Every structure is written in C-alpha cells, then in structure tokens.
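> Please work out how this folds:
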Amino acid sequence: MKNRSRFWVYLLIQIVVFAMLTSSCKKKEDSTNTNPPATLRVPVVTTNVISNITQTTATCGGVVNSQGSSTISSRGVCWSTTENPTILNLITTDGSGAGTFTSSITGLFTITPYYVRAYATNSVGTGYGNQVSFTTKQDSSGTTVSIGWLKNWYNANHTADTLRITSDFIIEAIISANDESGNIYRTLYFQDNTGGITISLNQTSLYYQFPVGQKIHIKCKDLYLGTYGTAIQLGYPYQGKIGRIPASMIASHVLPDGLPGPHPQPVVINAGHIPDITILTNLVSSLVALNGVSFPDAGLPFCITGNSSTSRAIADSAGTAITNPNVWVVYTSTYANFKAVLLPSGVGTLRGILTVYNGKFEMIVRDTTDLINFHRVN
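Take a look at the predicted model:
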C-alpha cells in the first residue's frame with residue numbers, strides 16, 4: 001500500500017514538472033513570434049520635366065511619393081554633365097517631407113548638355129528619381145567656341161559630309177598662313193590654343209586683308225563644316241561637298257580684329273620621334289616645325305616643271321623617309337613663287353602647315369623662310 005502511494009506521488013510530481021516545462025517552452029515560443037520591425041526603406045522619388053531653360057539656368061524639381069521608413073530630412077535635385085548624378089555632384093536643397101517641390105538650377109555653362117535627378121534623403125539613405133536631360137541655350141549675342149570644340153561638334157553631329165552651322169558660334173583665332181606666296185590658293189589657315197582649321201574663300205590676294213599674325217573673328221552661323229582629304233574645314237556647299245564661301249559673304253563672316261600681332265608659334269615635332277596618329281590628327285591645319293629632317297630629292301626643284309603640284313618625300317636626319325604612322329611629304333603648287341627653288345641638302349627644320357590628304361601627311365611651306373638651318377645646294 002505504501003509503495004502504491006509513493007508511485008502516485010512520483011507520477012504527480014512528473015506531471016507537474018512536465019506541465020511547467022511545457023508552459024515555459026510555450027512562453028519562449030510566443031516571445032519569438034512577435035511581429036518583426038518594418039523593412040528599412042529609402043524615399044521613392046519622381047523627377048519633373050525641365051523647363052525655363054536659359055543660357056545658365058533651368059527649372060526642375062520632383063515629387064516625393066513615399067518618405068520610406070523615416071522622415072525626410074532633405075530633398076532637391078542633383079545635376080552633372082555626366083549621367084546618373086548623385087548628391088556628391090551639384091545639388092539644390094528644397095525643403096523636407098513628402099509632396100511636390102520645385103528646384104532652380106543655376107551656374108550652368110552655355111550650350112552644354114546636363115543630366116538631372118530628383119533626390120530625397122531620410123535616416124536610411126537617399127532615393128533618386130528618373131534621369132532627365134537638357135542642353136542650355138546659347139548667348140543671344142553669339143557664343144565663342146574653340147577650334148577644337150568646333151571640330152568635335154562636327155564629328156559628333158554630321159550625318160553627311162557637309163553640316164550647316166545654325167547656332168551663333170564665334171571663333172577667335174590668329175592667321176597662321178595665307179595665299180601670299182601662291183602655294184596656298186583662296187584659303188586661310190588660322191589657329192588657337194586648341195588647334196587649327198582651314199577656311200576656304202572665293203577671293204584672291206587674301207594676304208592684303210589677312211596677314212599672318214592677324215587676329216580674326218569668324219561668325220560661323222550659316223557657314224558649313226565639311227572635310228577635304230579628311231581635314232575638317234569651314235566653307236560653303238558646292239556640288240554636295242565643302243567648297244568656298246562666296247565673296248559676298250566674306251565681310252560678314254570673317255572679321256579682322258585690330259592690327260596684326262606676332263606670328264603664331266609652331267608645334268615642334270622631332271622627326272625621330274613622330275607622335276601617334278591621334279596627336280597628329282589634332283594638329284592637322286596647325287603650324288608645325290619638324291626638326292631633324294632631310295630631303296632625299298635635295299638639289300631638285302620644289303615643283304616639277306609642267307606639274308600642277310609636286311609632293312617630295314621628307315626623311316629623318318639619317319636620310320630614311322618618314323613613314324610613321326604614314327608617309328610624310330612636302331607639298332608645293334605650281335603657283336608657288338618658290339616652285340623653282342632647289343630643295344636644300346643637309347639636315348634642318350621644316351616649318352609649315354600640317355595637312356592630310358589621301359592618307360599622306362603633307363607639310364605646306366608658306367615661303368622659303370620656313371626652311372631653317374639647312375645647308376643650301378649651290
């Protein structure tokens with residue numbers, strides 16, 4: 001009887017312990033099933049369209065559709081000249097909270113493309129809207145651009161050989177070569193610190209009005225850009241190609257500024273270390289001085305009698321013809337007043353306008369003063 005009582009007591013104790021353990025586990029399980037915290041979220045933003053575009057300003061803005069998981073501390077737009085701008089670029093700050101806002105973008109450059117995104121920032125991070133883009137307007141009085149910029153603009157925009165310039169672009173440059181010696185015909189070469197370019201004009205004796213060293217302003221609107229022998233030049237259409245600007249248009253587009261100044265300085269190249277094709281392409285139509293050259297045809301005239309023009313090979317100081325990256329020649333027209341002068345022997349410096357035609361790099365000598373420190377043939 002005593003043993004039976006002990007059994008029931010022992011069983012009761014086990015039941016109580018089991019109940020306590022079960023209750024404890026359930027409480028622990030219940031404690032882990034509480035609702036998890038909300039997901040951390042950045043704001044959701046939409047960018048407005050661009051409006052009120054001027055030469056240096058524009059209006060944009062956006063809509064904060066959702067603040068995310070915390071209150072918005074700042075909002076506005078960010079912009080850059082490269083895609084997908086962030087708040088590390090230029091920004092506006094236009095209040096806080098959800099809703100619509102307007103942003104004024106200032107301090108822009110003329111005729112420059114920009115990319116814009118609306119943004120909103122909360123404690124989690126920054127959310128961005130869709131990207132929009134626009135291009136600022138040009139100055140009403142005309143926009144001064146560099147020769148290098150104009151060449152790049154042509155390369156980026158032309159779909160045919162000739163491209164009409166419809167904007168008020170103005171170039172300021174210095175005359176580097178003209179038609180005084182007759183080796184250049186109805187053409188001017190001029191350059192700034194970004195490169196050189198040719199302008200073809202339907203007029204002779206240009207050197208009277210446009211001497212070397214003369215500063216000029218080229219009003220480019222309604223002129224055309226095109227290529228001649230792959231060299232970009234300014235002119236006017238002729239039979240689907242770039243041709244000469246009519247004489248009646250010259251005075252309104254090519255304007256001398258003051259008295260002639262110092263002659264432009266050439267870019268110096270060593271014949272033993274010719275730059276790569278990219279650098280040479282950028283130098284086309286510029287004044288160049290090629291050091292350490294010789295002429296395989298020394299003692300012969302610049303231009304062969306009876307030819308309309310003659311191209312003579314250019315060699316390095318060892319007498320090896322320069323073919324890197326292409327063949328180099330000195331070009332002379334039969335109308336050059338030095339066409340019968342004999343090419344000098346020895347080694348010296350050849351100065352002239354660098355052009356490219358049919359895959360060859362041509363040096364156009366302006367006159368015999370462009371032959372420097374050569375030993376002359378008697």
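
> Paired strands for the helix or strand that contains residue 78, with orientation please.
Residue 78 belongs to strand 74-80 when assigned by DSSP states H and E. Strand 74-80 pairs in its sheet with strand 90-91 (antiparallel), strand 113-121 (antiparallel), by DSSP bridges.

> Can I get those in a markdown table including mean pLDDT and distance to residue 261?
To be clear about C-beta, it is placed using only N, CA and C from the backbone, and glycine gets the same treatment. Below are the strands paired with strand 74-80 laid out as a markdown table (pLDDT from 0 to 100; distance: least, C-beta to C-beta, whole Å):
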| stretch | mean pLDDT | distance to residue 261 |
| --- | --- | --- |
| strand 90-91 | 94 | 39 |
| strand 113-121 | 94 | 35 |
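
> would you list every one of the helices in the stretch 251-378 of the chain?
Secondary structure of the stretch 251-378 of the chain (DSSP state H, counting those that start in this stretch): helices at 277-283.

> Okay, now the unreliable bits of it?
Within the stretch 251-378 of the chain, the stretches with pLDDT under 70 are 376-378.

> Likewise for the stretch 51-200 of the chain?
In the stretch 51-200 of the chain (pLDDT under 70), the answer is 138-142.

> hang on, the earlier thing: check which residues of the strand holding residue 78 are buried.
For strand 74-80, a neighbour-count test (16 or more other C-beta atoms under 10 Å) marks 74-79 as buried.

> As TSV, those with distance to residue 324 would be great.
Shown next, in TSV, are the buried residues of strand 74-80 (distance: C-beta to C-beta, whole Å):
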residue	distance to residue 324
74	57
75	58
76	54
77	51
78	47
79	45
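
> Residue 105: which of the residues you listed is nearest?
residue 79 (5.9 Å; C-beta to C-beta).

> The closest one and residue 122, how far apart?
21 Å (C-beta to C-beta, to the nearest Å).

> Same question for residue 292.
Counting by C-beta to C-beta, the gap from residue 292 to residue 122 is 67 Å.

> again, but for residue 337
Counting by C-beta to C-beta, the gap from residue 337 to residue 122 is 78 Å.

> And those two? Which one has more around it.
residue 122 (22 against 12; other C-beta atoms under 10 Å).

> Let me know the secondary structure of the residue lying closest to the more buried one once chain neighbours are set aside.
Excluding the flanking residues, the one nearest residue 122 by C-beta to C-beta, 6 or more residues apart in numbering is residue 70, at 4.4 Å. Recorded secondary structure, residue 70: coil (DSSP: H, G, I helix; E, B strand; the rest coil).

> Look up which helix or strand the spatially most central residue of the chain falls in, please.
With distances taken as C-alpha atoms, centre = their mean, the residue of the chain nearest its centroid is residue 152 (5.7 Å). Element membership for residue 152, per DSSP H and E: helix 147-157.
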